[in-house]
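S.K.: here's my sequence, what's the structure:
(one chain, ligands or ions: 3)
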Amino acid sequence: MALIVQKYGGTSVGSVERIKNVAKKVIAAKQAGHDVVVVVSAMAGETNRLVGLAQQISELPDERERDVLLASGEQVSTALLALAINEAGQRARSFLAHQVRIETDKAYGKARIKSIDSTRVRKALKDGEIVVVAGFQGVDEEDNITTLGRGGSDTSAVAVAAALSAEVCEIYTDVEGVFTTDPDICAAARKLDRVSYEEMIEMASMGAKVLQIRSVELGMKFKVPIHVRSSFNDAPGTWVVEEDESMDEVLVSGVTYDKDEAKITLVSVPDRPGLAAQIFGPIADASIVVDMIIQNASEDGTTDLTFTVPKADYKKARALVEQIAKTIRAKGVNVDPDIAKVSIVGVGMRTHAGVAAKMFQILAREGINIEMISTSEIKVSVVIDAKQMEPAVRALHKAFIEQQGKL
Ligand code: ADP
Ligand code: ASP
Ligand code: MG
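M.R.: Numbering: from 1, shown residues only. Ligands and ions are numbered 1, 2, ... in the order given. Now for the predicted structure:
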């Protein structure tokens, strides 16, 4: 008998019918002899609806109150699932974050879990109950309600699994597992049987929203095996596990895209020490995360500095940068929100040369202009015009995955 944690995403609990279906799956696991803890997301579309309501009242809503509002979506689905399990004849008990005590820091909207007190959950399991925990929410040390960032129920689930030393954290979703690229935009995408934590972290960071990045980081840190699978059938999905030697043989495991960034260019910045700090200091102080940065020195002693920020923050970033541009006498500021970042990810890149060159050739053949490049040991990313994102993903998938990535 094992302790398992199951997480059901928004689509999986998107209607009363689907919640009843989830109740059946949970009960089947319990009847197979397991202790079961279920973590649930809000019903599909609910978090967006709540975000929209807050925005109708204020363009920049108070962050504390916004989290109180957003967390309500998970309260509803948690209660409905507990009701459905009870109705189907098994005992279930729901817990909100403050009742378990999932404690986070104070960063509203992107809080990080600091600790989980699992005493009440363990007691309920010992009493033979199925435990249903609200995903996405936490409380800070002063009991303010916090949320963990979009897609955060994945992180709640892996953190609960780590706290309970669960055998596995099953992430039930609307696809059969982690695919070589988003199946919604590339019909040739195929399911991966296994992927390493490290690759999954890169894929999630580069835009594969099937798992929240933080959930994979926690899985890796606490060695929680994560099984991503469909809530609509019983087929095995994708195991996110520790890397082993056989994984090196695959050059590229996944192709990802991200349309949630915007590009900002400071034109003709005087080329002298300390300027980068002067530019990026205020941006960091405003809690804006800068992703890629490139700097081109030109011959007249000035340089163009281009960087990307989350699209949600680009207006705030532009206002700051325009201010800075005046102080440092840069010529101007250009902003382009219509960009996409397309990346290839694979641990095999560590041991193979020429992967980036091949990526650039493929994009050139498609007539796609590369605006920025960044690399790490196991990924290459390029920024391109948003309109060319889909053809780029398909061409890279074809060359690196369908044709096995021969260099
Ligand atoms: P949930 O509501 O269950 O958390 P999400 O919408 O957060 O589901 O994540 C599942 C979705 O992630 C899929 O429907 C798919 O469109 C998208 N996705 C993006 N990249 C990938 C990928 N590489 N593999 C699988 N799904 C992906
Ligand atoms: N309901 C939250 C969201 O839509 C959390 C989640 O689904 O994981 O982002
Ligand atoms: Mg999700």
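
S.K.: stretch 324-333: end-to-end distance?
M.R.: Between the opening and closing residues of stretch 324-333 there is a gap of 10 Å (Cα to Cα, to the nearest Å).

S.K.: which residues sit against that stretch?
M.R.: 264-270, 275, 278-279, 282, 302, 318, 321-322 (Cβ atoms under 8 Å, 6 or more residues apart in numbering). To be clear about C-beta, it is placed using only N, CA and C from the backbone, and glycine gets the same treatment.

S.K.: now, these that are in strands?
M.R.: Judged by DSSP state E, the contacts of stretch 324-333 include Ile264, Thr265, Leu266, Val267, Ser268, Val269, Pro270, Thr302 as members of strands.

S.K.: filter the residues you listed down to the buried ones, ChimeraX style.
M.R.: The ChimeraX command for the buried members of these (criterion: 16 or more other Cβ atoms under 10 Å) is given here:
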select :264,265,266,268,269,302
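
S.K.: which two among the ones in strands among the contacts of stretch 324-333 are spaced furthest apart?
M.R.: Spatially, the most separated pair among the ones in strands among the contacts of stretch 324-333 is Ile264 and Pro270, at 17.7 Å (Cβ to Cβ).

S.K.: can you name the residue of this structure nearest to ligand 3?
M.R.: Across the chain, the shortest distance to ligand 3 (Cβ to the ion) belongs to Gly151, at 4.1 Å.

S.K.: what secondary structure does that residue sit in?
M.R.: Of the three states, Gly151 takes coil under DSSP: H, G, I helix; E, B strand; the rest coil.

S.K.: skipping adjacent residues, who's closest to it in space?
M.R.: Closest residue to Gly151 apart from its sequence neighbours, by Cβ to Cβ, 6 or more residues apart in numbering: Gln212 at 3.9 Å.

S.K.: do I have it right that that neighbour meets Ala157?
M.R.: No: counting by Cβ atoms under 8 Å, Gln212 sits too far from Ala157 to count as a contact (9.7 Å).

S.K.: just the element for the residue nearest to Gly348 when sequence neighbours are not counted, please.
M.R.: Leaving aside its chain neighbours, Gly348 sits nearest to Leu251 (4.2 Å; criterion: Cβ to Cβ, 6+ apart). In this assignment (DSSP states H and E), Leu251 forms part of neither any helix nor any strand.

S.K.: and the residue nearest to Gly151, how many residues sit next to it?
M.R.: Gln212 has 23 neighbours, counted by other Cβ atoms under 10 Å.

S.K.: mind checking how far it is from Asp385?
M.R.: 28 Å (Cβ to Cβ, to the nearest Å).

S.K.: same question, Gly348
M.R.: 29 Å.

S.K.: more neighbours, the two?
M.R.: Neighbours per residue (other Cβ under 10 Å) separate Gly348 from Asp385, with Gly348 holding more: 18 against 14.

S.K.: per-residue pLDDT, the more buried one?
M.R.: Per-residue confidence at Gly348 stands at 87 (pLDDT).

S.K.: who's in contact with it?
M.R.: Counting by Cβ under 8 Å, 6+ apart, Gly348 has contacts Met247, Asp248, Glu249, Val250, Leu251, Val252, Ser253.

S.K.: lowest pLDDT pick from those?
M.R.: Asp248 (73).

S.K.: burial of that one, as a residue count?
M.R.: Neighbour number of Asp248 under other Cβ under 10 Å is 16.

S.K.: check for me that it belongs to a helix.
M.R.: Yes: under three-state DSSP, Asp248 falls within a helix.

S.K.: residue furthest from the geometric center of the chain?
M.R.: Distance to the chain centre peaks in the chain at Asp300, reaching 42.1 Å (criterion: Cα atoms, centre = their mean).

S.K.: checking that residue next. Helix, strand or coil?
M.R.: coil.

S.K.: once you drop chain neighbours, what's closest to it?
M.R.: Nearest to Asp300 is Ser268, by Cβ to Cβ, 6+ apart, at 7.8 Å.

S.K.: list the buried residues of stretch 246-257.
M.R.: Met247, Asp248, Val250, Leu251, Val252, Ser253, Gly254, Val255, Thr256, Tyr257.

S.K.: same question but for stretch 385-405, I mixed them up
M.R.: Buried residues in stretch 385-405, defined by neighbour count with 16+ other Cβ under 10 Å: 386, 388-389, 392-397, 399-401, 405.

S.K.: among those residues, which are within reach of ligand 2?
M.R.: Applying Cβ under 6 Å from any ligand atom to the buried residues of stretch 385-405, one finds that nothing falls near ligand 2.

S.K.: of those, which belong to helices?
M.R.: Of the buried residues of stretch 385-405, the ones assigned to helices by DSSP state H are Met389, Ala392, Val393, Arg394, Ala395, Leu396, His397.

S.K.: list the helices and strands the helix or strand hosting Ser381 packs on?
M.R.: Using DSSP H and E, Ser381 falls within strand 379-385. In this structure, strand 379-385 packs against strand 339-345, helix 355-365, strand 372-376, with contacts taken as 3 or more Cβ pairs under 8 Å, 6 or more residues apart in numbering; DSSP states H and E.

S.K.: then it to CSV, C-alphas only?
M.R.: C-alpha atoms of strand 379-385 as CSV (Å, rounded to 0.1, in the frame of the first residue of the first chain):
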residue,chain,number,x,y,z
LYS,A,379,19.0,24.5,-24.7
VAL,A,380,19.2,27.0,-27.5
SER,A,381,16.6,29.8,-27.7
VAL,A,382,15.9,32.4,-30.4
VAL,A,383,13.6,35.4,-30.4
ILE,A,384,11.7,35.8,-33.7
ASP,A,385,8.6,37.7,-35.0
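
S.K.: that one pairs with which strands?
M.R.: Looking at strand 379-385 with DSSP bridges, its partner strands are strand 339-345 (antiparallel), strand 372-376 (antiparallel).

S.K.: could these go into TSV alongside distance to ligand 1 and mean pLDDT?
M.R.: Compiled in TSV, the strands paired with strand 379-385 are given as follows (distance: least, Cβ to the nearest ligand atom, whole Å; pLDDT from 0 to 100):
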stretch	distance to ligand 1	mean pLDDT
strand 339-345	10	97
strand 372-376	18	94
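
S.K.: alright, I will stop here.
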